[in-house]
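Novice: give the three-dimensional model of this entry:
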Amino acid sequence: MATLQSSSILASGSVIRSDHVTHSLIRSVAPSLQIRSALSIPKLPNSKVLKELSLKNTTFLNKNAKINLPLENTTSPQDEVSHEDSATLETVKLHVILEAVLDRIEMHQNIGDQRDNWNTLLLNSLNMITLTAATMAGMAGFSGEPILGLNVASTLLFAAGTGILLIMNKIQPSQLVEEQRNAVRLLKQLRTKIQTILSLRSPTHEDVEDAMEKVLALDRAYPLPLLGAMLEKFPNTFKPAMWWPSKKAMTQENGNDSSTKQNLFDKKEGIVNNGWTKELEEEMKVIVGVIDKRDTEDYVRLGSKALKFNKTLAMSGPILMGIAAIGSAFAGHGGPWGGLVAGVAGSLASVVNSIEHGGQVGMVYEMYRNCAGTFNLLEEKIESTLQETDLGKRENGELFELKVALHLGRSLSELRDFAAATSSSGSCSSELGSPKGEFASKLI
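Specialist: Residues are numbered from 1 along each chain as shown. You can find the predicted model right below:
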């Protein structure tokens, strides 16, 4: 028992000693830790403080030592913002023009459908009126005695038919429909061009002005209203359609000389400059000559014939209807001659009306007018491109040649062979325009 007590006392004493020793060690180590923490490296200032110090130092040096320090960014943020705002504004303007083009496409489509219905309904109604009136006049004439009811009814029908026919011949519904079709097609081309510009690059002020001019030119070439702004349906001479902005002839002080043009490729003989070579220029000149002497002249000739034929039909129809109206008024008086004249004249008027409006002669005339305008536009594009003496400002020659070939419905090899054959025979200015009497265009 005593042994156990003594051992416990010794254990507790050892514990007390160990605690005392540990406490003394901690107290002896603590000052050294405090000294080390006091001698530790201070923290570096953050980036904000360094920036402020550098700005202060730069200001001090500029004021005292007159040292010009280089700036990292020499462009003004306001200039960048203004440039971005300008590009954004042009993009917005082009989007506004695109919306107007889409609206015009819808308008021309709807009005074209409406005028097509006019042509069909008016022609059917006119033929029914004419044939009914001719039948009634014939019955009144062969009855031997004047029948007041038939005479009055047939005369009124012929008079009404004459009025309707005069209106139809004045507005030419089939020609109006063709105008709307052409307007829709050309507006869709303009829409595609604007969408291509917006998808490939940022539009410029010139792009906006060009698109605006083309929209207004199309409005003038294919007007929507009938009264006042309607195109003349029976002009004195045939004129090709023009739906693009008229541009003044390029004035070049020294660049239009033939010697200057010949020297364009003399400096770099055989070397392509923006896709243009001397051979390509000669090829385009030959193509322009063939288009002017063959394709355009042919469509002008056909358009003139269609115009004369349409004028003849437009004059013959009302005259025959008027004769039928007079004959129906005297049907039964003095024999069957009044009814016979009314019946024959009315039947002929129905035939003439069917040929003119059912055959859509006005539409054919408008088609020839549009085709001739297409060739004039192609000629103008090629000539204006060749007049530009700075090859760097021209459209890429290979791309331009591809566009011309597609317009004419030919492949590149066919276009080159055709130009070479025409140039070698020297017949681009002859009556046929090509050695085989071939047109430049195989598409229209």
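
Novice: where does the stretch 301-444 of the chain dip in pLDDT?
Specialist: Counting by pLDDT under 70, the stretch 301-444 of the chain contains low-confidence ranges at 332-336, 426-437.

Novice: what sits against residue 371?
Specialist: Counting by CB atoms under 8 Å, 6 or more residues apart in numbering, residue 371 makes contact with 299, 444. C-beta here means a position set from N, CA and C on the backbone, and glycine is covered the same way.

Novice: the one 5 residues further on now?
Specialist: With contacts defined as CB under 8 Å, 6+ apart, the neighbours of residue 376 are 240, 242, 296.

Novice: the second one falls within a strand, correct?
Specialist: No - counting by DSSP: H, G, I helix; E, B strand; the rest coil, residue 242 falls outside a strand, being coil.

Novice: before we move on, back to that, among the contacts of residue 376, who's most crowded?
Specialist: Tallying neighbours with other CB atoms under 10 Å puts residue 296 at the head of these, with 23 neighbours.

Novice: from residue 441, how far out is the residue nearest to that one when sequence neighbours are not counted?
Specialist: Excluding the flanking residues, the one nearest residue 296 by CB to CB, 6 or more residues apart in numbering is residue 375, at 4.5 Å. Distance, residue 375 to residue 441, by CB to CB, to the nearest Å: 7 Å.

Novice: what residues are shared contacts of these two?
Specialist: Shared contacts of residue 375 and residue 441, defined by CB under 8 Å, 6+ apart, are found at 291, 295.

Novice: compare these two (neighbour count), which wins?
Specialist: Applying other CB under 10 Å to residue 375 and residue 441 shows that residue 375 carries more neighbours, namely 26 against 22.

Novice: quick one, phi psi at residue 276?
Specialist: In terms of degrees, to the nearest 10, the main-chain angles of residue 276 are phi -100, psi 140.

Novice: what of the one 5 residues further on?
Specialist: Per-residue torsions, residue 281: phi -60, psi -40 (degrees, to the nearest 10).

Novice: and it, how far from residue 401?
Specialist: For residue 281, the distance to residue 401 - CB to CB - is 11 Å.

Novice: may I see the buried residues of the one helix or strand residue 381 maps to?
Specialist: Assigned by DSSP states H and E, residue 381 belongs to helix 361-387. Neighbour counts using 16 or more other CB atoms under 10 Å place 361-379, 381-382, 385-386 of helix 361-387 among the buried residues.

Novice: hmm, who's touching the helix or strand that comes right after it?
Specialist: Next along the chain after helix 361-387, taking DSSP H and E as the criterion, comes helix 397-407. Helix 397-407 has contacts (CB under 8 Å, 6+ apart) with 272, 274-277, 280, 283-284, 287, 374, 378, 382, 385, 394, 411-412, 414-415, 441, 443.

Novice: now helix 397-407: buried residues?
Specialist: So helix 397-407, judged by 16+ other CB under 10 Å, has buried residues 397, 400-401, 404-405, 407.

Novice: did I read that right, residue 440 in a helix?
Specialist: No - counting by three-state DSSP, residue 440 is not found in a helix; it is coil.

Novice: 276 is where my numbering starts, stick with that
Specialist: From this message on, residue numbering opens at 276, which makes the last subject residue 715.

Novice: without its sequence neighbours, what residue ends up closest to it?
Specialist: With sequence-adjacent residues excluded and distances taken as CB to CB, 6+ apart, residue 715 is closest to residue 565, at 4.2 Å.

Novice: helices or strands next to whichever strand or helix holds the one you found in the packing?
Specialist: Per DSSP H and E, residue 565 falls inside helix 553-565. If contacts are counted by 3 or more CB pairs under 8 Å, 6 or more residues apart in numbering; DSSP states H and E, helix 553-565 sits against helix 636-662, helix 672-682, helix 687-700.

Novice: please redo it, this time with the cut-off set to 10 Å
Specialist: For helix 553-565, the elements it packs on are helix 533-537, helix 636-662, helix 672-682, helix 687-700, judged by 3 or more CB pairs under 10 Å, 6 or more residues apart in numbering; DSSP states H and E.

Novice: JSON lines for those, including distance to residue 375?
Specialist: Listed next are these as JSON lines, based on distance: least, CB to CB, whole Å:
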{"stretch": "helix 533-537", "distance to residue 375": "40"}
{"stretch": "helix 636-662", "distance to residue 375": "22"}
{"stretch": "helix 672-682", "distance to residue 375": "26"}
{"stretch": "helix 687-700", "distance to residue 375": "36"}
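
Novice: of all these, which one is nearest residue 484?
Specialist: helix 636-662 (17.0 Å; CB to CB).

Novice: ok so, going back, and the two most separated of the buried residues of helix 672-682?
Specialist: Farthest pair in the buried residues of helix 672-682 (CB to CB) is 672 and 682. Separation: 15.6 Å.

Novice: next helix or strand past the helix ranked longest in the chain?
Specialist: Ordering each helix of the chain by length in residues (DSSP state H) puts helix 352-417 first. Next helix or strand after helix 352-417 toward the C-terminus (DSSP H and E): helix 423-446.

Novice: report pLDDT for residue 427.
Specialist: Confidence at residue 427, expressed as pLDDT, is 89.

Novice: ditto for residue 473
Specialist: 93.

Novice: same thing with residue 415?
Specialist: 79.

Novice: what of residue 531?
Specialist: In this prediction, residue 531 carries a pLDDT score of 44.

Novice: what about the stretch 426-575 of the chain, any weak spots by pLDDT?
Specialist: Scanning the stretch 426-575 of the chain for pLDDT under 70 picks out 522-547.
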